[in-house]
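1. Predicted model and sequence below, questions to follow.
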Amino acid sequence: MSKRNKIIYWIATIWLSLGMLSSGIIQLLQQEEELENMARLGYASYFLLIIGVWKILGVIAVLVPKYPLVKEWAYAGFFFVMSGAIISHIAVEDPISEIFPPILLIILTVVSWYFRPESRKLQTHKA
């Protein structure tokens, strides 16, 4: 892996991790503003707990060495949650300022996944 690709990977992964960790913590705290946002998007308040826990576990999975299959699931989960957030915000006609954060996080998810080192990739065996 080239030095450039390592730098791209770690920058994307650190920003992705910070974004997912901070939003996961906010969701676990269930602040009034977050509860109102979820209700406005049409989701039950308990959905915050589910998403918050999975985001934090996903960050751990992405950052910890080894366990490439778990990393694949974490990246997939991040992609599903952020694409769902984008679609939800568009569905209720939110302004771009509300849609931009999940767009940024989905881009960081794809960049981190694409540039991850071989040691963090799921190994496939060719016959």
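-> Nice, I can see it. Bear in mind that the values here come from a model prediction, so they are computed numbers and not experimental data. Residues are numbered from 1 along each chain as shown.

2. name the helices or strands packed onto the helix or strand that contains residue 15?
-> Element membership for residue 15, per DSSP states H and E: helix 3-29. Under the contact criterion of 3 or more Cβ pairs under 8 Å, 6 or more residues apart in numbering; DSSP states H and E, the helices and strands touching helix 3-29 comprise helix 46-63, helix 96-114. No exception for glycine: its C-beta is placed from N, CA and C like everyone else's.

3. next SSE after the first one?
-> By that I understand helix 46-63. Later in the chain than helix 46-63, the nearest helix or strand by DSSP H and E is helix 68-91.

4. tell me what the helix or strand bottoming out on mean pLDDT in the chain is packed against?
-> Lowest on mean pLDDT, DSSP states H and E among the helices and strands of the chain sits helix 32-41, with a mean of 92. Helices and strands touching helix 32-41, by 3+ Cβ pairs under 8 Å, 6+ apart, are helix 46-63, helix 68-91.

5. quick one: buried residues of the helix holding residue 15?
-> When burial is assessed from 16 or more other Cβ atoms under 10 Å, helix 3-29 yields the following buried residues: 9, 12-13, 15-17, 19-21, 23-24, 27-28.

6. Please identify which of those is nearest to residue 34.
-> Sorting these by how near they are to residue 34, with Cβ to Cβ, puts residue 27 at the top with 6.2 Å.

7. Now do the nearest residue to the closest one once chain neighbours are set aside: how many residues are near it, please.
-> On the basis of Cβ to Cβ, 6 or more residues apart in numbering, the spatially nearest residue to residue 27 that is not a chain neighbour turns out to be residue 52, at 3.4 Å. The burial metric for residue 52, expressed as a neighbour count using other Cβ atoms under 10 Å, is 21.

8. same check, this time on residue 74
-> 24.

9. before we move on, what about residue 105?
-> Residue neighbour count, defined by other Cβ under 10 Å, stands at 22 for residue 105.

10. Likewise for residue 32?
-> When counting by other Cβ under 10 Å, one arrives at 7 neighbours for residue 32.

11. got the contact list for the residue nearest the centre of the chain?
-> For the chain, the residue nearest the mean C-alpha position is residue 78 (3.3 Å; Cα atoms, centre = their mean). Residue 78 makes contacts with 16, 20, 55, 58, 105, 106, 109, as judged by Cβ atoms under 8 Å, 6 or more residues apart in numbering.
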